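*Asks:* Coordinates for the following, if possible.
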Amino acid sequence: MTKAIDILSMGEPMVEFNQTREGGGATFLRGCGGDSSNFAVAAARQGARTGYISALGNDSNGALLREMWRAEGVDDTYVRTDEEAPTGVYFVSHGEGGHRFDFCRTGSAASRYKAADLPVDAIARAKVLHLSGISLAISASACDAGYRAIEHARASKAMVSFDTNLRRKLWSLGRARAVIWDVIALADICLPSYDDVVQLCDLTDADAIVDRCLNAGAKIVALKLGASGALVADAQQRHRIAPYPCKAIDATGAGDTFGGAFVARIAAGDGIEDAGHYAAAAAALSTEGYGAVTPIPTSHQVRALMSQHLPAASGATA
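*Replies:* Next up is the predicted model:
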């Protein structure tokens, strides 16, 4: 069967209030966020046909998210409207220690999502289903829905993409470890962040972490190393991806941009090394503006940066 959708992303969309330097820190920009939503937008800006699975409240924040998805070409057909729950919001503040997140998400529409709400036919028509640790952590019903979505994806020969995105405030470390490693075992593409996975497996060496993910069952691993770039691998090859130069002012959503760009290029047929370089360039550009969505680059911008600078430190490691 021809797949009509490149990537379906599933999780919790949120409206973001991001602190700026104006007004002595009292000014916040309203925008859109949520890791799996950022991922979908990043993939769409690289040319992938994307859709989103979730629920929103019948409120102005939900309307803002729908307006954004439609402008970005992300199909929101599979996003329910929950008349009894709000859309989640969060605040980003900046200080010497980096950026801090404060969430108002308890009882959000997305957290009330159930397995019975899944668009099974759409999942069957997708090349890739994407979820994150947050998609599974926001509630028991959302976790069940995530597992059921993975079952449908595997039954229809869709790839499963998974970003660990550990949020300790959402669940205990013990439960997070159990669920996240269980889903890594089901994933075709695993997108762990270094700081997350260190807590999940008590390893600190990047190669050892990648080995742990591959041995768990992941087919492809793209370990995000922040300012140090990335390490991408499968059973046959391994490549260190050096970071691209940028003038970073806000790293909010950079990991989501990396993931969306990486999976978009894998879905388009790229190998893991080429996809890794592309995603690193996209992530670098995404840090040059405020907010999770606005700074996400287009494919033209990513290609322009790549044509100017190919990191010399990249290459196969073993």
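*Asks:* When you work out contacts or count neighbours from here on, use the C-alpha atoms and nothing else.
*Replies:* Noted.
*Asks:* Name the nearest residue to residue 216, ignoring sequence neighbours.
*Replies:* residue 185 (5.1 Å; CA to CA, 6 or more residues apart in numbering).
*Asks:* ignore the last one, residue 203
*Replies:* residue 209 (6.2 Å).
*Asks:* before we move on, which element is the one you found in?
*Replies:* helix 206-216 (DSSP states H and E).
*Asks:* Tell me which other helices or strands that helix touches.
*Replies:* helix 173-184, helix 194-201, strand 220-224, strand 230-233 (3 or more CA pairs under 8 Å, 6 or more residues apart in numbering; DSSP states H and E).
*Asks:* hey, which of those is tucked in deepest?
*Replies:* strand 220-224 (a mean of 27; mean count of other CA atoms under 10 Å).
*Asks:* Tell me where the model's unsure across this protein.
*Replies:* 1, 310-318 (pLDDT under 70).
*Asks:* Apply 80 and report the result again.
*Replies:* Flagging of the chain using pLDDT under 80 yields the residue ranges 1-2, 20-25, 94-99, 101, 250, 252, 310-318.
*Asks:* quick one: the helices in it?
*Replies:* Listed in chain order, the helices of the chain (DSSP state H) span 35-45, 60-72, 120-124, 133-137, 140-155, 173-184, 194-201, 206-216, 254-267, 272-286, 299-308.
*Asks:* Can you lay out the ones you listed as JSON lines showing distance to residue 20?
*Replies:* Converted to JSON lines, the helices of the chain look like this (distance: least, CA to CA, whole Å):
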{"stretch": "helix 35-45", "distance to residue 20": "20"}
{"stretch": "helix 60-72", "distance to residue 20": "20"}
{"stretch": "helix 120-124", "distance to residue 20": "39"}
{"stretch": "helix 133-137", "distance to residue 20": "26"}
{"stretch": "helix 140-155", "distance to residue 20": "33"}
{"stretch": "helix 173-184", "distance to residue 20": "32"}
{"stretch": "helix 194-201", "distance to residue 20": "25"}
{"stretch": "helix 206-216", "distance to residue 20": "34"}
{"stretch": "helix 254-267", "distance to residue 20": "17"}
{"stretch": "helix 272-286", "distance to residue 20": "16"}
{"stretch": "helix 299-308", "distance to residue 20": "24"}
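*Asks:* still on that earlier bit, please report how far the residue nearest to residue 203 lies from residue 72.
*Replies:* Distance of residue 209 to residue 72, given as CA to CA, to the nearest Å: 34 Å.
*Asks:* Then residue 288?
*Replies:* From residue 288 to residue 72 the distance is 19 Å (CA to CA).
*Asks:* again with residue 303
*Replies:* 19 Å.
*Asks:* And for residue 182?
*Replies:* 32 Å.
*Asks:* Check residue 66 too.
*Replies:* In terms of CA to CA, residue 66 sits 10 Å off from residue 72.
*Asks:* Comparing these two, which shows the higher neighbour count?
*Replies:* Between residue 66 and residue 72, residue 66 has the larger neighbour count (other CA atoms under 10 Å), namely 20 against 16.
*Asks:* Find the nearest non-adjacent residue to the more buried one, please.
*Replies:* In space, residue 66 is closest to residue 76, 6.8 Å off (CA to CA, 6+ apart).
*Asks:* Let me know how buried the closest residue to residue 247 other than its chain neighbours is, in neighbour terms.
*Replies:* Nearest in space to residue 247, with sequence neighbours left out and distances taken as CA to CA, 6+ apart, is residue 288 at 5.6 Å. Applying other CA under 10 Å, we find 19 residues neighbouring residue 288.
*Asks:* ok, residue 288 touching residue 249?
*Replies:* Yes - when contacts are counted by CA atoms under 8 Å, residue 288 is listed as touching residue 249 (5.5 Å).
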